[in-house]
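> coords please:
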Amino acid sequence: MWGLDGKHIALEAHTFDSVKFILTTALAGGLLAVPLQIKNIQQYGITPEDISKEINGYYCCFYTAFFLMACSACAPLIALQYDISPSLMWWGGLLYWLAALVTLLWAASQIQALKKLTCAISQTLEEQPVLNSKSWLTSLQNDYSLPDSLTERIWLTLISQRISRGELREFELADGNWLLNNAWYERNMAGFNEQLKENLSFTPDELKTLFRNRLNLSPEANDDFLDRCLDGGDWYPFSEGRRFVSFHHVDELRICASCGLTEVHHAPENHKPDPEWYCSSLCRETETLCQEIYERPYNSFISDATANGLILMKLPETWSTNEKMFASGGQGHGFAAERGNHIVDRVRLKNARILGDNNARNGADRLVSGTEIQTKYCSTAARSVGAAFDGQNGQYRYMGNNGPMQLEVPRDQYAGAVETMRNKIREGKVPGVTDPAEASRLIRRGHLTYTQARNITRFGTIESVTYDIAEGSVVSLAAGGISFALTASVFWLSTGDRDAALQTAAVQAGKTFTRTLAVYVTTQQLHRLSVVQGMLKHIDFSTASPTVRLALQKGTGAGNISALNKVMKGTLVTSLALVAVTTGPDMIKMLRGRISGAQFIRNLAVASSGVAGGAVGSVAGGILFSPLGPFGALTGRVVG
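Residues are numbered from 1 along each chain as shown. Sure thing, here's the model as predicted:
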């Protein structure tokens with residue numbers, strides 16, 4: 001008031017400089033009515049806790065404006081006291097006053113906008129029976145000068161309150177969420193459900209014509225609502241297509257317990273409905289099959305699933321490893337000799353390792369008890385020895401840390417190979433060796449003859465089957481051991497009988513060992529057939545997308561696309577062999593007339609489903625756990 005009566009020491013009465021404070025003071029006084037404004041907002045359902053942050057902001061504006069007004073009022077006094085330019089201080093005071101005015105106007109506009117927003121939302125929900133959530137929210141955010149996040153928060157609060165009170169229904173449809181007044185919705189749908197009772201069933205077009213657009217939805221939302229949200233009936237698959245049936249007529253239907261196919265069935269009065277009806281013999285057999293799978297003993301299921309998983313993980317890797325042995329253009333017998341001699345050494349409990357897989361130039365193929373060995377299997381002794389010498393200067397190529405490596409030759413060529421090596425030493429073609437008698441030390445008699453090595457690469461020979469049995473026994477023992485441990489644990493936990501658990505586990509382990517070995521031998525024998533290799537040439541993932549290739553490589557542990565192709569070929573053949581071995585006894589029973597053809601088909605389906613699930617699970621598990629490294633991928637494949 002000192003601005004009006006002229007009592008201010010530096011301001012004249014009735015001037016702009018004195019009267020301007022009346023405006024800001026009046027606005028500040030208006031902000032003191034914030035509690036009253038909040039009460040007006042509360043009547044629409046907003047509590048002080050919902051907008052506590054905004055209320056604190058408005059009070060901050062109030063105190064800030066008073067501080068700015070005080071600074072503006074003190075500006076003339078400061079100019080007089082410190083002899084500062086009155087003009088400069090006048091402009092400074094004016095700026096402080098303008099800042100206070102803007103602050104007060106902004107705070108007043110925000111609280112008014114908040115009040116109008118809550119009022120508008122409440123009135124719209126009362127007046128409009130149908131609203132598209134997204135478009136309505138966007139409209140509110142454009143119409144009110146409030147932050148979008150605040151508008152959305154108030155909007156969600158008011159809507160959720162009405163939904164919880166049962167005043168609103170919300171549907172998530174094709175083009176977004178829709179809000180419907182519950183009373184209005186129930187009136188409309190009650191009339192529609194009565195119309196549904198007039199006919200037994202409706203096609204999609206008939207239902208759409210009957211419903212029209214009684215809920216005022218968009219065309220996309222209307223179609224989606226009819227497809228998913230009708231609560232007076234349901235869609236049923238008839239032989240002529242999908243049809244909608246009111247729940248009023250459900251008793252006039254019968255539904256296949258297997259495939260769900262529906263047909264109209266007018267049963268006579270007092271007729272007890274069949275709880276399980278099947279539309280065909282195939283569906284009946286399928287349901288029986290599913291029941292048999294479900295009722296399989298748990299310990300047997302766990303054991304078989306784990307064994308199948310190990311087979312599907314290990315055998316494709318072996319397929320990839322043996323690829324060069326069975327498909328190397330006539331050189332496979334050399335690799336067969338290398339691995340065959342290695343297996344014999346391991347059986348004799350020697351410390352033997354394969355080194356040739358690293359493809360090192362002039363490196364050793366094998367290491368036995370610390371001795372480096374190079375394996376050469378050719379048609380004659382002279383060729384076997386000659387293959388170890390450089391074709392250009394004739395010098396012995398394979399030199400180890402302790403001089404020339406031992407040269408392993410076919411067992412039936414040993415004598416001729418020693419004589420050939422003596423001649424090479426006399427000619428000075430073996431560095432570091434001058435005594436021809438050393439030839440017997442340099443030449444190592446292989447465990448296999450040349451013919452035996454060649455037979456290992458051929459289908460159906462005694463040597464190839466023996467080799468596969470010896471190599472497959474390692475995997476089979478592992479599968480049998482895992483089967484024993486799992487079966488014993490599960491059986492003991494379920495029965496508490498230790499002796500019975502060990503006996504059951506031993507029998508199951510024996511079955512697993514035999515089955516795994518049979519699958520291994522079958523798979524490796526098929527690998528030797530040129531017709532099988534020809535059919536598998538069509539499996540090529542080089543044309544797949546980079547993402548798919550990378551995922552499969554991680555899931556299978558393949559380092560490149562070539563290795564991936566080999567592993568996937570092995571997975572396919574292994575899966576077929578596993579199904580064949582598993583169902584082989586059932587086929588014999590069928591041929592002998594002990595089981596029916598239908599029973600054999602059911603057993604075949606059980607085996608096929610388990611193998612397919614194991615194959616997919618193995619790859620998927622490897623992909624899922626691959627971020628944990630090689631061990632994680634391996635664990636994932638076993639678990640899968």
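
> list the buried ones in stretch 393-411?
For stretch 393-411, a neighbour-count test (16 or more other C-beta atoms under 10 Å) marks 396, 398, 400, 404-411 as buried. Heads up, the C-betas are built off the backbone N, CA and C, glycines and all.

> so among those, where is pLDDT lowest?
Within the buried residues of stretch 393-411, Gly400 has the lowest pLDDT, namely 86.

> what residue ranges in the stretch 501-640 of the chain score low on pLDDT?
Applying pLDDT under 70 to the stretch 501-640 of the chain flags the ranges 545, 548, 553-558, 590, 593-640.

> restricted to strands, list the buried residues of stretch 393-411.
Within the buried residues of stretch 393-411, residues falling in strands by DSSP state E are 400, 404, 406-409.

> surely Glu438 and Lys424 touch.
No - using C-beta atoms under 8 Å, Glu438 makes no contact with Lys424, being 10.8 Å away.

> picking up where we left off before, out of the buried residues of stretch 393-411, which two sit at the greatest distance?
Farthest apart among the buried residues of stretch 393-411 by C-beta to C-beta are Gly400 and Arg411. That separation is 22.8 Å.

> quick check: domain ranges of the chain?
Using automatic domain parsing, the domain ranges for the chain come out as 2-127, 164-264, 298-320+464-639, 333-456.

> give me the distance between the two termini of the second one.
Same thing as domain 164-264. 40 Å (C-alpha to C-alpha, to the nearest Å).

> and Glu438 and Lys424? which has more neighbours close in?
Between Glu438 and Lys424, Lys424 has the larger neighbour count (other C-beta atoms under 10 Å), namely 21 against 17.

> next one: the residue nearest to that one when sequence neighbours are not counted from Ile462, what distance?
Distances taken as C-beta to C-beta, 6 or more residues apart in numbering put Val430 closest to Lys424, at 5.8 Å, once the chain neighbours are dropped. As for Val430, its distance to Ile462 is 37 Å (criterion: C-beta to C-beta, to the nearest Å).

> compare those two (neighbour count), which wins?
For the pair Val430 and Ile462, the greater number of neighbours falls to Val430 (23 against 10), based on other C-beta under 10 Å.

> residues in contact with the more buried one?
Contacts for Val430 (C-beta atoms under 8 Å, 6 or more residues apart in numbering) come out as 395-396, 404, 421, 424, 442.

> what of Asn565?
539-542.

> repeat that for Glu419.
381, 439.

> cool, and Arg498?
Trp492.

> now swap in the one 5 residues further on and tell me
Gln503 makes no contacts at all, as judged by C-beta under 8 Å, 6+ apart.

> against Trp492, how distant is it?
For Gln503, the distance to Trp492 - C-beta to C-beta - is 11 Å.

> what do you get for Asn455?
46 Å.

> likewise for Gln42?
From Gln42 to Trp492 the distance is 66 Å (C-beta to C-beta).

> which of those two has more residues huddled nearby?
The neighbour comparison of Gln42 against Trp492 (other C-beta under 10 Å) goes to Trp492, with 18 against 14.

> quick one: the more buried one and Leu486 touch, right?
No - using C-beta under 8 Å as the test, Trp492 is too far from Leu486 to be in contact (10.9 Å).

> now Tyr58. Nearest residue, chain neighbours left out?
Ala107 (5.0 Å).

> what's the longest helix in this protein?
Scanning the chain for the helix with the most residues, using DSSP state H, yields helix 86-127.

> just how off-centre is it within its chain?
In terms of C-alpha atoms, centre = their mean, to the nearest Å, the centre of helix 86-127 is found 53 Å from the chain centre.

> what is it packed up against?
helix 16-31, helix 34-42, helix 52-82, helix 133-143, helix 148-164 (3 or more C-beta pairs under 8 Å, 6 or more residues apart in numbering; DSSP states H and E).
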